[in-house]
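In: with the input below, show me the fold.
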Amino acid sequence: MHYLELMQRFWDFNPKQSIGTTGISMYLYLLKIGSDNDSCDFQISDVVISKELGVTRKTVKSTKEKLRNLGLIQYQTTSGLACKYTLIGDYPSHISAPEIVKKEEIGKEDLIQETEESGVSLLKNFLVQIFSENSKDQEIESDLLQTIQSSQPQPTTQKGNDENIPSLEEFMTYAKTLKIYKPELDSEIQSKYENWKKNGWKNSSDRPITNWKSSLKSTLPFIKSQTESHQLSLQSIPDIKRPKCENGNL
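Out: Got it, this is the predicted structure:
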C-alpha cells in the first residue's frame with residue numbers, strides 16, 4: 001500500500017469534490033488503518049469507528065456510503081461481523097456530474113453531525129425558530145381564543161326565579177283564560193304582577209314563585225274578592241243631601 005501516494009491523491013481530490021469535514025476525518029482514519037495493516041483491505045466495525053471519531057453509528061453509515069459513492073472506497077457488510085473495507089487507489093481525480101455529491105448535501109450532513117455532537121436536535125432548533133418567528137401570531141391567536149371563550153355563554157347561578165318570570169302580556173293572557181277572570185280585575189292583576197317581580201318573583205310570604213300560573217290561579221279569587229269589597233264600600237257610602245234652608249239660613 002502506497003500510503004503517501006493515496007494521501008496526496010486525496011488532497012488533490014478533495015478541493016474539487018468538497019467531501020466535508022466528517023468525510024475527510026473518516027477517510028483519513030481508514031487510510032491510517034490500512035497503513036497500520038499495510039494493506040488496502042481490512043475489517044473494522046462501525047462501533048469502533050464511531051468511538052474513535054466521536055460520531056454516531058448512523059453518521060458512520062451515511063459517511064461510508066458517501067465515500068463509496070465518490071469512488072474512494074468499497075465495503076461489504078455482514079450481519080454480526082465487522083465491515084470489510086477496500087481502499088481504492090486509482091479513483092478518478094474528477095467525477096462526472098451525475099456522480100458528484102452536491103456541496104449543499106455534504107454541508108447539510110456536516111451540520112447534522114455537528115448538531116449530534118453538541119447534543120442539540122435540528123428539529124428542536126427548527127421548532128424554536130418557527131415559534132420565535134410566529135410569537136406575535138401566537139399571542140394574537142391566544143387573545144382571540146380568550147375573547148371567543150369570554151363571549152361564549154357561561155353557566156350562571158339562578159338569581160331568584162328570573163328564568164320563570166313571564167312577560168306582562170303572557171301573564172295577562174293567561175289570567176283571561178281563567179273562569180273567575182273579569183275585565184274589571186285587569187288593573188289589580190297587573191299590580192300583582194309588578195309586586196311579584198319587584199320582590200324578586202316572590203309572593204307576599206317571601207317565598208319563590210316556581211309555578212306562576214298556579215300561583216295566579218289561586219290568587220285571583222282573593223284579588224276578585226278585594227276588588228268587589230272595595231267597589232261595595234264605595235257604593236255603600238250614602239249620598240247625603242243638604243237640608244233645605246228657610247230664609248236662606250240653615
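In: from now on I want contacts and neighbour counts done on CA atoms only, so please keep to that.
Out: Noted.
In: max-length helix in the protein?
Out: helix 212-235 (DSSP state H).
In: average pLDDT for that helix?
Out: Mean pLDDT, helix 212-235: 79.
In: export that helix as CSV, just CAs?
Out: The C-alpha trace of helix 212-235 is given here as CSV (Å, rounded to 0.1, in the frame of the first residue of the first chain):
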residue,chain,number,x,y,z
TRP,A,212,-96.6,31.4,38.4
LYS,A,213,-99.7,30.0,36.6
SER,A,214,-100.7,28.0,39.6
SER,A,215,-100.0,31.0,41.9
LEU,A,216,-102.0,33.4,39.8
LYS,A,217,-104.9,30.9,39.6
SER,A,218,-105.0,30.6,43.4
THR,A,219,-104.5,34.3,44.0
LEU,A,220,-107.1,35.6,41.5
PRO,A,221,-110.1,34.8,43.8
PHE,A,222,-108.6,37.0,46.5
ILE,A,223,-108.0,39.7,44.0
LYS,A,224,-111.6,39.5,42.9
SER,A,225,-112.9,39.5,46.4
GLN,A,226,-110.8,42.5,47.4
THR,A,227,-111.9,44.4,44.2
GLU,A,228,-115.6,43.6,44.9
SER,A,229,-115.3,44.6,48.5
HIS,A,230,-113.7,47.9,47.6
GLN,A,231,-116.4,48.6,45.0
LEU,A,232,-119.1,47.6,47.5
SER,A,233,-117.7,50.0,50.1
LEU,A,234,-117.8,52.8,47.6
GLN,A,235,-121.3,52.0,46.7
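In: got the buried residues for stretch 196-209?
Out: For stretch 196-209, a neighbour-count test (16 or more other CA atoms under 10 Å) marks Trp196, Lys197, Gly200, Trp201, Lys202, Asn203, Pro208, Ile209 as buried.
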